[in-house]
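> fold the following, please.
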Amino acid sequence: MSELYKALIAFRAEAPVIAFDSVNPFFQSKFASLKAIHKIIDPLLANHGLAVLQFPISQDGQVGCITKIIHESGESVEHCLTLPLTKQDPQGAGSAISYARRYGISGALCLITDHDNDGNELPDPAVANAGKRKPRNSKPAAMSKPHREKLKSAAADRLAELGDTKASIEELLDVVAGKLDYSTRIEMNDSDFDAAMVEIPSADPIPF
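Numbers count the residues shown, from 1 in each chain. Here you go, the predicted model:
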């Protein structure tokens with residue numbers, strides 16, 4: 001395992017703090033998404049002949065993933081993380097697996113995620129600003145009624161697709177707003193309409 005360990009030590013020496021880029025609207029807590037994590041670590045891993053593989057699993061009534069770190073030498077190490085389901089359906093399983101993937105990869109590589117600190121620890125300015133909220137006065141204060149109605153209709157269709165009878169349209173739109181760096185759906189305006197419509201088909205109001 002000597003080659004793998006040397007490569008991991010070199011990777012850790014270069015790995016920056018990864019800024020939060022997403023918000024859980026249920027708990028108002030911030031976290032670094034898989035997209036933000038991979039944007040930072042993938043080039044660094046490749047530079048040292050490393051890669052990360054993750055495999056969803058189900059066992060003993062729980063779901064999660066196996067996180068495997070591989071080196072070009074053929075050496076590898078892996079860890080399994082499983083979680084109990086809060087919802088016994090495919091959407092609940094998908095959310096738990098996503099949660100396990102984030103924590104699995106962060107734990108395996110000892111990644112640090114935190115609030116943005118003005119870019120001092122991040123090589124990519126776009127990522128450095130990802131954890132910052134958009135100024136409330138930088139855009140018009142409200143979205144027009146026609147756009148709001150279209151978003152509500154799309155959100156209702158998404159909830160029907162998920163078979164979710166507990167979450168509300170407003171909760172799902174708060175999830176979408178979080179993906180666009182807003183604290184709540186109320187902060188979105190007409191310039192956000194197209195981006196919000198793109199996010200709705202994959203939005204999931206489950207707190208993971």
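> lowest-pLDDT helix or strand in the protein?
Here the helix or strand of the chain ranked lowest by mean pLDDT, DSSP states H and E is helix 125-128, holding a mean of 42.
> apart from its chain neighbours, what residue comes closest to the residue nearest to the spatial centre of the chain?
Closest to where the C-alpha atoms of the chain average out (CA atoms, centre = their mean) is residue 33, at 2.3 Å. Leaving aside its sequence neighbours, residue 33 sits nearest to residue 22 (CB to CB, 6 or more residues apart in numbering; 4.5 Å). Every residue, glycine included, has its C-beta placed from N, CA and C.
> give the contact list for that neighbour.
Residue 22 makes contact with 30, 31, 32, 33, 36, 178, 179, according to CB atoms under 8 Å, 6 or more residues apart in numbering.
> quick check: the second one touching residue 111?
No. Under the criterion of CB atoms under 8 Å, residue 31 makes no contact with residue 111, lying 11.9 Å away.
> can you name the residues bridging to the residue nearest to residue 33?
residue 31 (DSSP bridges).
> pull the contacting residues for residue 177.
Residues in contact with residue 177, defined by CB under 8 Å, 6+ apart, are 25, 183, 184, 185, 187, 188, 196.
> could you check how far it is from residue 185?
Per CB to CB, to the nearest Å, residue 177 is found 5 Å from residue 185.
> same thing with residue 4?
Using CB to CB, residue 4 is found at 45 Å from residue 185.
> between those two, point out the one with more neighbours.
residue 185 (25 against 20; other CB atoms under 10 Å).
> isn't that one right next to residue 170, touching?
Yes. Residue 185 is within contact range of residue 170, at 6.6 Å (criterion: CB under 8 Å).
> quick check, pLDDT for residue 44.
Per-residue pLDDT puts residue 44 at 94.
> my bad, should have said residue 103
89.
> just give the nearest non-adjacent residue to it, would you?
Nearest one to residue 103, counting by CB to CB, 6+ apart, is residue 81 at 6.4 Å.
> so what touches the helix or strand hosting that neighbour?
Residue 81 belongs to strand 76-84 when assigned by DSSP states H and E. Strand 76-84 is contacted by residues 1, 4, 57, 59-70, 96, 99-100, 103-104, 107-108 when judged by CB under 8 Å, 6+ apart.
> ok, back up a step: so after the least confident helix or strand of the chain, what's the next helix or strand?
Per DSSP H and E, the first helix or strand lying C-terminal to helix 125-128 is helix 145-162.
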